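*Asks:* Provided below for reference: sequence and predicted model.
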Amino acid sequence: MNDNNFKFSNAVLVLPVLFVLFLWVIYWFQIRFDFDFYQYGIYPRDFSGLQGILFSSFIHENLEHLYNNSIPLLVLLAALQFFYPKQTFGVIGYGILFSGLLTWIIGRENYHIGASGLIYVLVSFIFFKGIQTRYYRLVALSLSVILLYGGMIWYVFPEVDASISWEGHLAGLITGFVLSLFYKAPEYAKPIVYDWQRPDFNAEEDAFMKHFDENGNFIVKEKEEIESESLTSYFSPSVPVYYVITKKESEDK
């Protein structure tokens, strides 16, 4: 387990760029040829609205909507590909499917479009998976994601803004958490095991733990005993000590 497990590849940049570029191409077709893509969004509890589970993440209402989703997608997809390369396509694919299905079940009777549901999947997965691994680099990534996008949590509640699909956001948050439980942690993300956590650890032989009793209380020793131990440790035959003696020449010489 070392830093060599994190290997940069072209996919770290290519994947998010191509994904976001694809969204912009779709939007260009929408405005250039006046296509009505909204009907391909998720329409809850309607059989024809099931097609939106596949297509809704790639459809946006306007330029501002697309722009606001593009930046987080670039950052989160790059982070996902770099730290969880083997899980990336599964998280994206299943994230779109299951968050869309959950939106279809709980959503209001209106068309739900946009990649924000996928963004919530990515934020949720990266955060919860990093905490579950207890690996310091992935935990740091989780905290960084919360620092950048933690404010998004308010948009899973209907009272904040009725014009947004809070159902899609909530569905993405739940889906990301479930996927974090489903996928195993990367091989390098094993939690750190300290010496005192090992089954063969002997507290009586440990140089630090021997200063505490069985109840965890610090053992206070007499001054003579401390000095005796200090001398023994300094002049132990197992530790070689080398002396350099220099002679001071006589001033008369």
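*Replies:* Noted; the coordinates are in hand.

*Asks:* Do you have the helices of this protein handy? List them.
*Replies:* 11-32, 52-55, 63-83, 88-106, 116-133, 136-149, 166-182, 223-234 (DSSP state H).

*Asks:* ok, and what's touching the shortest one?
*Replies:* Outside helix 52-55, the residues that touch it by Cβ atoms under 8 Å, 6 or more residues apart in numbering are 37, 40-43, 96-97, 100-101, 103-104, 111-113. In short, each C-beta sits where N, CA and C put it, glycine included.

*Asks:* and with 6 Å instead?
*Replies:* 40-42, 100-101 (Cβ atoms under 6 Å, 6 or more residues apart in numbering).

*Asks:* Hmm, Phe37 is touching Phe58, no?
*Replies:* No: Phe37 is not in contact with Phe58 according to Cβ atoms under 6 Å; the separation is 8.3 Å.

*Asks:* Could you report the neighbour count for Leu74?
*Replies:* 16 (other Cβ atoms under 10 Å).

*Asks:* What sits closest to it if chain neighbours are left out?
*Replies:* Pro16 (4.7 Å; Cβ to Cβ, 6 or more residues apart in numbering).

*Asks:* got the contact list for the one you found?
*Replies:* 74, 77-78.

*Asks:* what do you get for Leu15?
*Replies:* Here Leu15 is in contact with 77, 81 (Cβ under 6 Å, 6+ apart).

*Asks:* repeat for Ala115
*Replies:* With Cβ under 6 Å, 6+ apart, Ala115 has these contacts: 57, 69.

*Asks:* Look at the closest residue to Leu63 other than its chain neighbours and report its pLDDT.
*Replies:* Leaving out its chain neighbours, the residue that sits closest to Leu63 by Cβ to Cβ, 6+ apart is Tyr27, at 7.5 Å. With respect to pLDDT, Tyr27 scores 96.
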